[in-house]
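*Asks:* Here is the input, now give the coordinates:
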Amino acid sequence: MISPTPQQLAWQDLGVGAFFHVGVNTFHAKEWSDGTLPAASFDPSELDAAQWVEVARSAGARYVVVTAKHHDGFCLWPTRTTDYSVASSPWKDGRGDVVGELAQACRDAGLGFGVYLSPWDRHAPEYEDPATYTKLYAEQLRELCTWYGPLVELWFDGAGSEGYSYDWAAIMAVAHEHQPDAMVFNMGDPTIRWVGNEDGLASDPVEYVVDHTQMSNYTVVTSEFAEALYLPPECDVSIRRGWFWSPDDEPKSLEHLLAIYYRSVGLGANLLLNLPPDDRGLIPEADAARVRELGAEVARRFGTPAASAEPSGPAAGGDGPATWTARFDGPVALDHLRLREDLTHGQRAVRHTVRAGDRVLASGGTVGAGRIHLVEPVTTQELTVELVGDGARLSSVEAFATGVRRLPQVPEGYAAPTDYPDS
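*Replies:* Here you go, the predicted structure:
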């Protein structure tokens, strides 16, 4: 059985993160650009990284990831590798550093900080020669890994990289030397993986041990490994349809965001919710208000359990079901449950069933870092959880009385954009 590292378990425990897509695209209402938009167009008048972090925290985020460089090649830090960066913009007379300001805001707020560094670079002429570009890209990564303190995540987007020959050994040597504890998203030497869509939705089962990853959404490319790896998924989704701010876009409904939460964190995956700053450099008021609604409702439902128990069960499971018993201090009225698996020695539960007496309350596949079930209201002092999986162990059972009787739904026909224009 493949076991996680302590760093992977710590990352899974974070649960929710915030994504910040910002750059020259923000000032042209574009999702992708081709590296020709002028650096001088980046000029946020009120950029406030502390405001971004405050909004992220209100959603329950415990880490953030920022697009330090998107596919257009524009860098949000004063890199020495190119003049296509904030150093060539009028913002703060070319002396600004978005990455640095956000890293400091995260430290002040106690949030983990991570960076997105697109391998695909549509501006750099060096990209035409893989060997030359690898040196440039590795140096960009070295700057990010050594200038801004500990990083919780390195986000490598696979878009545009189909068929390109990156020297991942050289690139990952930089990460391993300078940020050995950072999670690596999906490429290089990954320690976490993409869930496979940009809707933020996992599906049951959520498997942590896999023998492949997918690289992109619009043209799916599968990368297979010589052996299976422990790679828990991250569900990335934007609060809007687009990833970058546009005046014509608007935030998703509270119902939609709650549906995403149930289908990501509620299935044992991490959720990375994108909150795009606008052309002022602020999270728009409507987005911030919606995020606060989401955070408040998640906290109302799942912040304080009505009861919790450390279940007792067999010392070791077998091929057949193993029954765990959770006994509360007294009778508890509940309508939601959250189960957590002991992942110390790997993910082992492949199916589970929850009963109150003879009544089946819930069933499903994996449990993982956290499995949320909405159940028919019941009052009980004892629950039994049947786990199928060799050596599967349950670490906790929590009961919640939310008053909610219906699962939130993703709007019919909704899908995130998967086909982006060149400019």
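*Asks:* Domains in this protein, by residue range?
*Replies:* Domain ranges of the chain: 6-36+43-302, 307-400, per automatic domain parsing.
*Asks:* Format those domains as TSV; extra columns: distance to Pro411.
*Replies:* C-beta coordinates here come from the backbone N, C-alpha and C atoms, glycine included. Below are the domains of the chain laid out as TSV (distance: least, Cβ to Cβ, whole Å):
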stretch	distance to Pro411
domain 6-36+43-302	6
domain 307-400	19
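*Asks:* Tell me which of these sits most buried.
*Replies:* domain 6-36+43-302 (a mean of 20; mean count of other Cβ atoms under 10 Å).
*Asks:* Off-centre distance for it?
*Replies:* The chain centre lies 8 Å from the centre of domain 6-36+43-302; the measure is Cα atoms, centre = their mean, to the nearest Å.
*Asks:* Was I right to think Val237 contacts Val195?
*Replies:* No. Between Val237 and Val195 there is no contact under Cβ atoms under 8 Å: 9.3 Å.
*Asks:* so what's Leu201 up against?
*Replies:* Leu201 is in contact with Val195, Cys235, Val237, Ile260, Arg263, Ser264, Val410, counting by Cβ atoms under 8 Å, 6 or more residues apart in numbering.
*Asks:* Ok, Ser85 next?
*Replies:* By Cβ under 8 Å, 6+ apart, the contact set of Ser85 is Ala39, Phe74, Cys75, Leu76, Trp77, Pro78, Thr79.
*Asks:* What about those, which are in helices?
*Replies:* Of the positions in the contacts of Ser85, not one sits in helices, assigned by DSSP state H.
*Asks:* pLDDT added to these, as TSV?
*Replies:* Below are the contacts of Ser85 laid out as TSV (pLDDT from 0 to 100):
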residue	pLDDT
Ala39	98
Phe74	98
Cys75	99
Leu76	99
Trp77	99
Pro78	98
Thr79	98
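*Asks:* Which of the residues you listed sits closest to His123?
*Replies:* The closest of the contacts of Ser85 to His123 turns out to be Phe74 (Cβ to Cβ; 7.0 Å).
*Asks:* Sticking with the spatially most central residue of the chain, tell me its helix or strand.
*Replies:* With distances taken as Cα atoms, centre = their mean, Leu272 lies nearest the centre of the chain, 3.0 Å away. Using DSSP states H and E, Leu272 falls within strand 270-274.
*Asks:* angle of the next helix-or-strand element following that strand against strand 270-274?
*Replies:* The helix or strand immediately downstream of strand 270-274 is helix 285-302, counting by DSSP H and E. Orientation check (axes from the mean of the first three to the mean of the last three Cα atoms, to 10 degrees): helix 285-302 against strand 270-274 gives 160 degrees.
*Asks:* can you list contacts of helix 285-302?
*Replies:* 55-56, 58-60, 239-240, 250-254, 257-258, 261, 273, 275-276, 283, 336, 338, 372, 400, 402, 404.
*Asks:* What pairs with the helix or strand just after that helix, parallel or antiparallel?
*Replies:* Once the chain leaves helix 285-302, the next helix or strand it forms, by DSSP H and E, is strand 307-309. Partners of strand 307-309 in the sheet, by DSSP bridges, are strand 394-400 (antiparallel).
*Asks:* could you give me the average pLDDT of the strand it pairs with?
*Replies:* Mean per-residue pLDDT for strand 394-400: 98.
*Asks:* what sits up against that strand?
*Replies:* By Cβ under 8 Å, 6+ apart, strand 394-400 touches 301-302, 305-311, 313, 324, 326, 328, 332, 334-342, 349, 367, 383, 385, 387.
*Asks:* thought Ala170 was touching Glu139?
*Replies:* No. Contact between Ala170 and Glu139 fails when scored by Cβ under 8 Å: they sit 10.6 Å apart.
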